[in-house]
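Engineer: when you get a sec, could you give me coordinates for this:
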Amino acid sequence: MKNTINNYTPGGFLKTMSILHMGIAAAPVVLGAFFYFKTGDAALNFSNSSDIFLAIVPVVALASIFLGDLIFKKNLKSLPENATLKNKLAKFQTASIIKYGLMEGGALFCIVVFANSQNLTYLIIGVFLICYLFLQRPTKQKIERALNLKGADKAKFDRTNDPLD
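Structural biologist: Next up is the predicted model:
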C-alpha cells in the first residue's frame, strides 16, 4: 500500500498556491465592496489640495508593487543552483506570499483611506492594485519561468501527480 501522507506533488503545490493567492486577494475585494456600498455620498475629487493622501496613496500603491517585485526577485535569486525542486518551490511560495501581502497591504491602505475620506480616487487606485494582484495568479508557466526550471527539474514539475521526495 502506497503511503500518500506528506507526499508533496507539483499539482498539490499549484493548488496550494492558487488557494493562498485567492485568499490574500479576497480580503481587499470584500472590504472594498463593503465600504463602497456602505458609503452614500462618495465622489471623485481631485480639487482638495490640502488632502495629503492625494500624494501618499499613489506612492504607497506604487511602492507596494515595486517593493513586492524587488523582494520576490531577490528571494528567488538567492536560491543556489543545486537546490532541489522542493526547496525551489518552497522559496517561490515564501517570495510569492510576501509579494502578494505587500500588494494586499497597499490595496487595503487605499480602501481604508477611501472609507475615511469618501473620495473615490483612493478606491480606484485600490481597485487597480487588486487587479494587478489578480494578474499575479500563480500558474504552471509562471512558476517555471520564475524558477527558470530546466531539464530534470522541469520534467519533475511536469509530472504533476508524482511526489517530489
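
Engineer: contacts, neighbours, all on C-alpha from now
Structural biologist: Fine.

Engineer: just the CA atoms of stretch 27-40, as CSV, please.
Structural biologist: Once side chains and other backbone atoms are set aside, the C-alpha atoms of stretch 27-40 remain, and they are given as CSV (Å, rounded to 0.1, in the frame of the first residue of the first chain):
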residue,chain,number,x,y,z
ALA,A,27,-9.8,40.5,1.7
PRO,A,28,-9.4,43.8,-0.2
VAL,A,29,-12.2,42.9,-2.6
VAL,A,30,-14.6,42.2,0.2
LEU,A,31,-13.5,45.2,2.3
GLY,A,32,-13.6,47.5,-0.8
ALA,A,33,-17.1,46.3,-1.7
PHE,A,34,-18.3,46.7,1.9
PHE,A,35,-17.0,50.3,2.2
TYR,A,36,-18.2,51.3,-1.3
PHE,A,37,-21.8,50.1,-0.7
LYS,A,38,-21.8,51.5,2.9
THR,A,39,-20.8,54.9,1.5
GLY,A,40,-23.7,57.0,0.3
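
Engineer: residue closest to the middle of this structure?
Structural biologist: Closest residue to the average C-alpha location of the chain: Y100 at 2.3 Å, with CA atoms, centre = their mean.

Engineer: now the element after the helix or strand encompassing it, going C-ward?
Structural biologist: Secondary-structure element containing Y100, defined by DSSP states H and E: helix 85-117. For helix 85-117, the succeeding helix or strand toward the C-terminus, using DSSP H and E, is helix 120-135.

Engineer: quick one: that following helix to helix 85-117, angle?
Structural biologist: 170 degrees (axes from the mean of the first three to the mean of the last three CA atoms, to 10 degrees).

Engineer: check which helices and strands the worst-scoring helix or strand of the chain on mean pLDDT sits against.
Structural biologist: Of all the helices and strands that make up the chain, the one with the lowest confidence by mean pLDDT, DSSP states H and E is helix 151-158; it has a mean of 91. With contacts defined as 3 or more CA pairs under 8 Å, 6 or more residues apart in numbering; DSSP states H and E, helix 151-158 has no helix or strand neighbours.

Engineer: contacts only, for the residue nearest to the centre of the chain.
Structural biologist: Applying CA atoms under 8 Å, 6 or more residues apart in numbering, one finds that Y100 lies in contact with 21, 24-25, 68, 133.
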